[in-house]
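K.L.:
sequence plus the predicted model coming up.
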Amino acid sequence: MSELEKLNGPAETPLVTALDVAQAKTQFDPCPQTAAFYNALRGTPAQRRNLPIDGKAVPITPQTIEAIVWNSAEVLAAPEVLDQLRAIEAKMVAVTKTCERYGVTKVSDYINQQRDELHAKMQAGEDVSSVVLESREAVVHSFAMKRHGLIAMLVKTTHEEVIPLVKPILERFERVVEQFMREQEEHDQTMCDGFGLAYRPGLLWRAAATVASLNTIERRLPAVGNWGKPSQILEGIVQL
């Protein structure tokens with residue numbers, strides 16, 4: 001304690017009120033409606049079911065998403081990433097076509113083909129004593145095993161190759177939509193203040209909220225054990 005404090009006593013310390021503590025802990029958000037929306041969107045399932053969208057959800061079109069991305073001037077995916085995704089897409093399309101050959105409905109076709117080939121050899125006078133026709137049960141099992149293996153390839157490709165490339169794109173898209181909503185809220189607030197009106201989110205803000213709610217990363221990305229082609233995951237966001 002200084003000599004001055006000894007003579008005059010300690011300086012008075014201003015009392016800290018509960019309001020001071022609350023203000024110190026919270027930062028003012030100029031876009032409270034957007035902040036509340038995203039807190040709910042990223043919150044519990046119950047919160048996501050009751051998103052704070054003022055008014056009815058706005059029907060959107062592909063042009064709505066395109067305009068939001070264009071407005072941001074953001075490049076969602078670099079050309080080399082798109083080339084990688086297109087190559088993976090082509091590989092997965094080829095696997096799915098092969099998988100179709102082993103569908104349940106193809107079993108009868110395969111058995112009938114075996115029989116037709118056997119009859120053709122017999123009519124041609126060929127020796128068919130060593131020819132063995134597979135039973136339906138054997139064909140069904142064989143087809144199921146092949147189909148299972150091909151689907152496992154698709155799942156592996158999805159989670160090891162596709163998701164690492166598409167997730168950053170979806171995250172970038174999410175930021176673009178959120179920033180658009182913030183800009184619209186600030187604009188709408190300014191206009192309402194200027195006209196002496198109570199603020200309500202405008203049409204474009206509500207349209208963007210609809211886009212955000214329908215295109216969450218959680219909704220877009222395949223769950224564990226599921227698969228999806230790049231074009232399916234990025235449909236409406238990036239053209240492949």
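P.N.:
Yep, that arrived.
K.L.:
lowest average confidence, helix or strand, in this structure?
P.N.:
Sorted by mean pLDDT, DSSP states H and E, the helices and strands of the chain end with helix 18-25, the least confident at a mean of 52.
K.L.:
so how far is the next helix or strand after that one from its chain's centroid?
P.N.:
As assigned by DSSP states H and E, the chain's next helix or strand after helix 18-25 is helix 32-41. Relative to the chain's own centre, helix 32-41 is displaced by 19 Å; criterion: C-alpha atoms, centre = their mean, to the nearest Å.
K.L.:
do the same with stretch 162-171
P.N.:
What separates the centre of stretch 162-171 from the centre of its chain is 9 Å, taken as C-alpha atoms, centre = their mean.
K.L.:
show me what it is in contact with.
P.N.:
Contacting residues not belonging to stretch 162-171 are listed as 76-77, 81, 84-85, 88, 215, 217, 220-222, 228-230, 233-234, 237-238 [C-beta atoms under 8 Å, 6 or more residues apart in numbering]. Backbone N, C-alpha and C define where each C-beta goes, glycine included.
K.L.:
filter those residues to the buried ones?
P.N.:
When those are checked for burial by 16 or more other C-beta atoms under 10 Å, the buried set is 76-77, 81, 84-85, 88, 215, 220-222, 228-230, 233-234, 237-238.
K.L.:
give me the neighbour count for Pro52.
P.N.:
Using other C-beta atoms under 10 Å, Pro52 has 17 neighbouring residues.
K.L.:
residues touching it, list them.
P.N.:
Pro52 sits next to 33, 36-37, 40 when contact means C-beta under 8 Å, 6+ apart.
K.L.:
strands of this structure, residue ranges please.
P.N.:
Assigned by DSSP state E, the chain shows no strands.
K.L.:
looking at it, which helix is longest?
P.N.:
Longest among the helix segments of the chain by residue count, using DSSP state H, is helix 163-194.
K.L.:
hang on, isn't Leu41 packed against Arg48?
P.N.:
Yes: applying C-beta atoms under 8 Å, one finds Leu41 in contact with Arg48, separated by 6.1 Å.
K.L.:
neighbour count: the two, which is higher?
P.N.:
Taking neighbours as other C-beta under 10 Å, Leu41 and Arg48 compare with Leu41 leading, 18 against 15.
K.L.:
so how far is Val140 from Gln239?
P.N.:
Taking C-beta to C-beta, to the nearest Å as the criterion, Gln239 is separated from Val140 by 40 Å.
K.L.:
the two: which is more packed in?
P.N.:
Val140 (15 against 10).
K.L.:
which ones are touching the more buried one?
P.N.:
Val140 sits next to 104, 107 when contact means C-beta under 8 Å, 6+ apart.
K.L.:
of the contacts of stretch 162-171, which belong to helices?
P.N.:
Counted as lying in helices by DSSP H, out of the contacts of stretch 162-171, are 81, 84-85, 88, 217, 220, 230, 233.
K.L.:
of all those, which comes closest to Pro201?
P.N.:
Taking C-beta to C-beta as the measure, Ile217 is the one of those closest to Pro201, at 23.2 Å.
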